[in-house]
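S.K.: My questions are about this predicted structure, shown below with the sequence.
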Amino acid sequence: MLETAPNRQAATWLASFARSLEAGDIDGVTGLFPEDCYWRDLLAFTWNIRTMEGRSAIREMLGETLARTAPAGWRLAQDATTDGGVTEAWFTFETATARGEGHVRLIDGRCRTLFTAISELKGFEEKKGPSRPLGVRHKAERSRETWSETRRREEAALGTSEQPYCVIVGGGQGGMALGARLRQLGVPTIILEKNARAGDSWRNRYRSLVLHDPVWYDHLPYMPFPENWPVFTPKDKMGDWLEMYARVMELNYWTSAACVAASYDEHEKIWTVEVDRAGERVVLKPRQLVFATGAYGPPKLIDLPGADVFEGEILHSSQYADGRRFKGKTCAVIGAASSGHDVSVDLWESGADVTMVQRSPTTVVKSDTLTELAFEIYSEDALAGGITTEKADLIVASMPFALMPEGQKALYDRIRERDAAFYERLAGSGFAIDFGHDETGLMMKAYRTGSGYYIDVGASDLIINGEIGIRSGVSIERLTPKGILFDDGSELEADVIITSTGYQSMHETVAVVVSREVADKVGPCWGLGSGVRNDPGPWQGEPRNMWKPTAQEALWFHGGNLALSRFYSKFVALQIKARMEGIPTPVY
């Protein structure tokens with residue numbers, strides 16, 4: 001590496017950090033941080049996903065974990081950089097059981113943020129690159145078993161004569177990403193998908209659905225989309241890609257397989273999982289159970305007084321697939337976030353008369369603006385500059401959640417200035433706009449509540465032009481035989497009411513499959529404890545219950561969008577692999 005001032009500063013700090021750790025000098029370590037500091041750790045020290053905020057929290061964590069972690073071998077991985085008085089550097093290190101990587105941000109020679117993460121377990125590395133499997137024995141054998149014969153034997157045995165170590169409930173992108181990681185680590189796993197085909201979780205959605213995130217952000221582990229893949233993926237194309245992925249990655253993937261019940265034996269440390277597999281009852285006995293049922297749980301249904309007298313049809317957006325059967329009908333869509341907009345557009349394209357009922361303000365961002373300003377490190381330009389998807393993921397992960405609002409507020413100040421005319425027209429249509437509790441926009445809403453936002457891919461122009469009607473600022477009093485009566489006395493006629501009211505927490509799926517007691521013990525998923533509406537405190541510093549040990553032993557939650565599923569699947573897989581191999585995993 002070049003002998004530069006940033007390199008000298010980073011190397012000096014890292015050397016001091018390493019010496020203090022090796023000496024067990026915790027006060028020496030914390031002296032390298034200012035009081036306002038953050039250490040985000042993904043398994044390396046804590047066997048958890050945990051952010052320590054402030055020197056006292058770091059001191060407490062190291063007091064419990066340092067001796068058994070035995071960190072060593074701290075080295076800069078590339079040239080450090082300096083911008084605006086902040087020096088940043090990437091490094092590698094080892095612990096007693098793993099190899100890791102991390103990132104440091106220095107201000108005035110001390111560490112404002114530190115990020116450490118396991119990259120692989122010693123002795124249980126993935127067989128890739130130079131160590132990839134040969135795939136064939138180059139000699140003649142009468143007893144030779146071909147690849148396809150081996151796969152058929154494995155598929156026939158797993159779940160019958162041999163039990164999986166892990167069962168994943170849910171075969172969408174989250175379940176597949178985790179299943180692929182576990183397979184590469186040699187963890188016998190079965191993925192349960194209730195639909196008839198892999199990818200049906202996408203195919204079965206409304207026909208006009210397209211991914212709102214750009215392609216560079218959405219790759220799956222091990223197999224990025226090809227270079228000619230569209231920037232925004234249509235849902236059926238995504239479904240076909242997932243079906244191909246399951247086959248190529250050799251996942252043990254059971255379709256038409258619904259998990260109907262599960263219970264955990266605390267003494268034997270084993271789950272009993274009852275599965276309805278195409279009408280046949282199958283019992284599995286895994287050691288680990290993962291719920292990967294999407295970002296959320298069951299549909300969130302709202303009480304509509306007068307529903308019993310309404311003469312039309314009422315359905316939740318999760319039941320909505322195709323607007324063509326509503327052609328010529330008057331439709332009311334309750335909800336003005338992503339699903340509400342997408343359903344409204346699909347109805348409009350199908351020839352329906354659509355009005356959106358907005359119950360609370362929505363954060364709206366134009367897709368091209370978000371792609372240009374918020375996805376700079378996930379782009380062709382980023383790739384040309386040497387920032388791979390893997391590196392971009394680490395850059396994002398290195399920022400503590402507590403510091404995200406500051407950056408997001410600055411981003412949305414730029415967005416509002418750039419698209420001021422658009423927001424003025426949208427507000428003029430009667431649509432209520434906000435940018436979150438603290439003006440931090442879409443991303444913080446996603447982490448805090450998972451609701452209340454829309455990436456505009458066409459619906460906003462229809463609203464501005466009056467093609468999609470808007471009722472905002474009034475509350476629903478009750479349904480009438482012919483429509484919706486609002487609290488201001490006005491009425492909206494409707495043949496069809498579609499409630500785009502979101503979904504419950506994933507722990508509600510646990511309540512159905514395992515028990516209410518276990519679900520309540522674990523508690524809700526997502527949310528940071530920010531104290532805003534629908535994200536009650538206390539402050540957590542990390543998304544609740546996601547990708548890490550929960551209050552129920554051997555029960556995990558994995559999910560999120562494609563990017564989160566891709567990145568965190570690695571850390572869920574490493575935690576499960578470590579437990580399978582008997583590696584001590586004391587959770588801090």
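M.R.: Structure received. Residues are numbered from 1 along each chain as shown.

S.K.: hey, let's count contacts and neighbours off CA atoms from now on
M.R.: Will do.

S.K.: which ones are touching Gly73?
M.R.: The neighbourhood of Gly73, defined by CA atoms under 8 Å, 6 or more residues apart in numbering, consists of 18, 92-94.

S.K.: By neighbour count, sort out the buried ones in the residues you listed.
M.R.: Among the contacts of Gly73, those buried by neighbour count (16 or more other CA atoms under 10 Å) are 18, 92-94.

S.K.: Now find how far off-centre stretch 276-290 is within its chain.
M.R.: Computed by CA atoms, centre = their mean, to the nearest Å, the chain-centroid distance of stretch 276-290 equals 25 Å.

S.K.: That should have said stretch 306-325, apologies.
M.R.: Counting by CA atoms, centre = their mean, stretch 306-325 comes out at 29 Å from the chain centroid.

S.K.: Touching it from outside, list them.
M.R.: Residues outside stretch 306-325 that contact it (CA under 8 Å, 6+ apart): 204-207, 299, 301, 339-340, 343, 346-347, 350-352, 478-483, 494-501.

S.K.: how does it look with 6 Å?
M.R.: Residues from elsewhere that reach stretch 306-325 (CA atoms under 6 Å, 6 or more residues apart in numbering): 205-207, 346-347, 350, 478-481, 495-500.

S.K.: Next: stretch 406-423.
M.R.: Residues outside stretch 406-423 that contact it (CA under 6 Å, 6+ apart): 439-440.

S.K.: Kindly recompute the last result at 10 Å.
M.R.: 364-366, 369-370, 373-374, 405, 426-429, 431-433, 435-436, 438-444, 460-461, 464 (CA atoms under 10 Å, 6 or more residues apart in numbering).

S.K.: List only buried entries from those.
M.R.: Of the contacts of stretch 406-423, these count as buried by 16+ other CA under 10 Å: 364-366, 369-370, 405, 426, 429, 431-433, 435-436, 439-444, 460, 464.

S.K.: List the pairing partners of the helix or strand Ile484 falls within within its sheet, with orientation.
M.R.: Secondary structure assigned from DSSP states H and E places Ile484 in strand 483-486. Looking at strand 483-486 with DSSP bridges, its paired strands and their directions are strand 476-480 (antiparallel), strand 491-493 (antiparallel).

S.K.: what's the pLDDT at Leu2?
M.R.: The score at Leu2 is 62. That number is its pLDDT.

S.K.: Pick the one among the buried ones among the contacts of Gly73 closest to Ala382.
M.R.: Distance ranking of the buried ones among the contacts of Gly73 against Ala382, using CA to CA, places Thr92 first at 22.6 Å.

S.K.: isn't the closest one right up against Arg99?
M.R.: Yes: the criterion here is CA atoms under 10 Å, and Thr92 meets it with Arg99 at 7.7 Å.

S.K.: Longest strand in this structure, by number of residues?
M.R.: Under DSSP state E, the strand in the chain containing the largest number of residues is strand 110-121.

S.K.: pLDDT on it, on average?
M.R.: Mean pLDDT, strand 110-121: 98.

S.K.: ditto for stretch 53-63
M.R.: 98.

S.K.: and it, how far out from the chain's middle?
M.R.: On the basis of CA atoms, centre = their mean, stretch 53-63 sits 28 Å off its chain's mean C-alpha point.

S.K.: before we move on, back to that, so what sits against both of Thr92 and Arg99?
M.R.: Counting by CA under 10 Å, 6+ apart, the common neighbours of Thr92 and Arg99 are 72-73, 117-119.

S.K.: May I see the PyMOL selection of the buried members of those residues?
M.R.: Those of these that meet the burial criterion (16+ other CA under 10 Å) are gathered into one PyMOL selection, given here:
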select buried, resi 72+117+118+119
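
S.K.: What is the nearest of the shared contacts of Thr92 and Arg99 to Thr87?
M.R.: Among those, Ala117 lies closest to Thr87 (CA to CA), at 19.7 Å.

S.K.: mind checking how far that closest one is from Gly582?
M.R.: Taken as CA to CA, to the nearest Å, the spacing of Ala117 relative to Gly582 amounts to 20 Å.

S.K.: same question, Gly531
M.R.: Distance of Gly531 to Gly582, given as CA to CA: 39 Å.

S.K.: re the thing from before, list the buried residues in the following helix or strand past the longest strand of the chain.
M.R.: If you walk from strand 110-121 toward the C-terminus, the next helix or strand you reach (DSSP H and E) is helix 147-157. Of the residues in helix 147-157, those buried by neighbour count under the rule 16+ other CA under 10 Å are Glu155.

S.K.: so after helix 147-157, what's the next helix or strand?
M.R.: Scanning the chain past helix 147-157 towards its C-terminal end, the next helix or strand to appear is strand 166-169 (assignment: DSSP H and E).

S.K.: Was I right to think Ser16 contacts Gly28?
M.R.: Yes: counting by CA under 10 Å, Ser16 sits close enough to Gly28 to count as a contact (8.5 Å).

S.K.: Redo the strands paired with strand 483-486 as a markdown table? Include mean neighbour count, distance to His507 and mean pLDDT.
M.R.: Shown next, in a markdown table, are those (neighbours: other CA atoms under 10 Å; distance: least, CA to CA, whole Å; pLDDT from 0 to 100):
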| stretch | mean neighbour count | distance to His507 | mean pLDDT |
| --- | --- | --- | --- |
| strand 476-480 | 19 | 29 | 96 |
| strand 491-493 | 17 | 36 | 96 |
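
S.K.: Within the sheet, what are the partner strands of the longest strand of the chain, with directions?
M.R.: Strand 110-121 has these partner strands in its sheet, going by DSSP bridges: strand 38-42 (parallel), strand 98-107 (antiparallel).

S.K.: highest average neighbour count across the ones you listed?
M.R.: Per-residue neighbour counts averaged over each of the strands paired with strand 110-121 give the maximum for strand 38-42, namely a mean of 25 (mean count of other CA atoms under 10 Å).

S.K.: returning to that earlier point: mind checking which of the contacts of Gly73 are in helices?
M.R.: Judged by DSSP state H, the subset of the contacts of Gly73 located in helices is Ala18.

S.K.: No more questions from me, cheers.
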